[in-house]
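1. dropping the sequence and predicted coords here.
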Amino acid sequence: MLKILRKKARDTNISVNARAAAKELIVLSRKPTAVKRVRPTFFLIGAMKAGTTSLFNNLVLHPQISEPVSKEIRYFDFHFNRGEAWYLAHFPLIRSAQKRGETIAGEASPSYMFDPHAPDRIKRFSPNSRLVIMLRNPVDRAYSHYQHSVRYWGETRSFADAIRIEEDWMGEEQELRIKDPQQMPVKRIQYSYLTRGRYIEQIMRWDSVFGRENLLILQAEEYFQKPENIMPKVLSFLNLADWQPEQFQRLNMARYKQLSDDVRDQTYDYFTESNMALYEYLGKSFDWEKDRYD
C-alpha cells in the first residue's frame, strides 16, 4: 500500500511538503499502537550522497522486509526528542507484517553515520543491529553534497571557497554537537563537505560500539555500476533469502558542471591520508585514486 501511495503522489506532482505532512499525519495516528509495531533491526547509516536512497528503495521491495512510512526517519539524531513511540509508528503492525511473510524491518538515514550520538542510541534501542554503510569516492561525494547545498540550502560560495574555510569552523561545531545532544548546528549539517568524507573516523566510532562483524561496508561505485552484484551481499548480511528486483532504480541523480582540475587535485590531496587509513582497516583498496586522472 505504501508503495502505491508514493507512486500516486509522484505521478500527481504532490509537493514534497505536502507528502511530508501526509506522512506525519499517518505517524501521529499510529502512535497509540507503537508497542504493537515491528522494531527495526537493520540500518543503512550512510554516507550522505553515496547511493543510500537507491539501495534502500530497491531493498525494501524484498518480500521479507517491512517498509516504513519514510525511508529517512532520522530519529536517532534529528528527532530523538520525539520519543520511541513516534519512531515505531513509522513501521507496520507486527500482526500485519507476519501475515505478509515479512520478517525484518529497517530504515535508511545517511545522517546517522556522521552523528556522534547515533551509535549509542541505536545500540540501546536494538543491541544486535546490522549496519550497512555505502562509501563513495569522497571527492565526488563532497562535490555532490555541495551541489545539493546550492540547490536546497542557499549555498552561494564556490566549492573552492567553501572547502578552503571549512576546517576553520567545523571543529567548534563538532564539539558543540558532542557536548550538547540538543544542539544541531546548521553549518555542520549542511556544509560539511570535506569532514563527512573522512570515513575512517566515523566508521571507527560505529565499530567501537557494534563491532566489525555487524558492519557491512560497500563501495558506492560498484553498486552504481552493478547493483545485481551488491544485492546478494546485503541480503546475506541480513540473513534474507536470495532475491533481485525486476529492475534496479537509481534515484537522486543530478547533472552539474565538473570540478576544475586544480580544485579536484587539492581535494584528492586532502583525502589521501584518510583514504589510506580506510583501506588499511578494510584490508583492501577502493582504488578511488585512479579516478583522479580519468
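-> Right, received. Where do you want to start? In this text, all values refer to a predicted model and were calculated from it rather than measured experimentally.

2. lowest-pLDDT helix or strand in this protein?
-> Lowest by mean pLDDT, DSSP states H and E among the helices and strands of the chain is helix 2-11, with a mean of 48.

3. after that helix, next one along is what?
-> The helix or strand immediately downstream of helix 2-11 is helix 16-30, counting by DSSP states H and E.

4. so what strands line up beside the helix or strand following that next one?
-> Counting by DSSP H and E, the next helix or strand C-terminal to helix 16-30 is strand 42-46. According to DSSP bridges, strand 42-46 has the following sheet partners: strand 104-108 (parallel), strand 130-135 (parallel).

5. remind me what whichever helix or strand comes after the first one packs against, helices and strands.
-> Read that as strand 104-108. Per DSSP H and E, the first helix or strand lying C-terminal to strand 104-108 is helix 118-125. With contacts taken as 3 or more Cβ pairs under 8 Å, 6 or more residues apart in numbering; DSSP states H and E, helix 118-125 sits against helix 199-210. To be clear about C-beta, it is placed using only N, CA and C from the backbone, and glycine gets the same treatment.

6. hmm, try it at 10 Å
-> Helices and strands touching helix 118-125, as assessed by 3 or more Cβ pairs under 10 Å, 6 or more residues apart in numbering; DSSP states H and E, comprise strand 42-46, helix 84-88, helix 199-210.

7. out of these, which is the most enclosed?
-> Mean neighbours per residue, mean count of other Cβ atoms under 10 Å, is largest over the helices and strands packed on helix 118-125 for strand 42-46, with a mean of 27.

8. name the nearest residue to Ile217, ignoring sequence neighbours.
-> Ile133 (4.8 Å; Cβ to Cβ, 6 or more residues apart in numbering).

9. quick check: the one you found vs His79, distance?
-> Distance of Ile133 to His79, given as Cβ to Cβ, to the nearest Å: 21 Å.

10. and the two? which has more neighbours close in?
-> More crowded of Ile133 and His79, by other Cβ atoms under 10 Å: Ile133, with 23 against 13.

11. tell me who's in contact with the more buried one.
-> By Cβ atoms under 10 Å, 6 or more residues apart in numbering, the residues touching Ile133 are 43-47, 50, 52, 110, 112-113, 199, 202-203, 206, 215-218, 220.

12. ok, now with 8 Å
-> The contact partners of Ile133, taken as Cβ atoms under 8 Å, 6 or more residues apart in numbering, are Leu44, Ile45, Gly46, Ala47, Met113, Ile203, Trp206, Leu215, Leu216, Ile217, Leu218.

13. from those, which shows the smallest pLDDT?
-> Least confident of the contacts of Ile133 in the model: Gly46, at 91.

14. so how far does stretch 176-186 reach from one end to the other?
-> End-to-end span of stretch 176-186 (Cα to Cα, to the nearest Å): 11 Å.

15. and the contacts of it?
-> With Cβ under 8 Å, 6+ apart, stretch 176-186 has contacts from Asp77, Phe78, Phe80, Asn81, Asp115, Pro116, His117, Glu173, Arg188.
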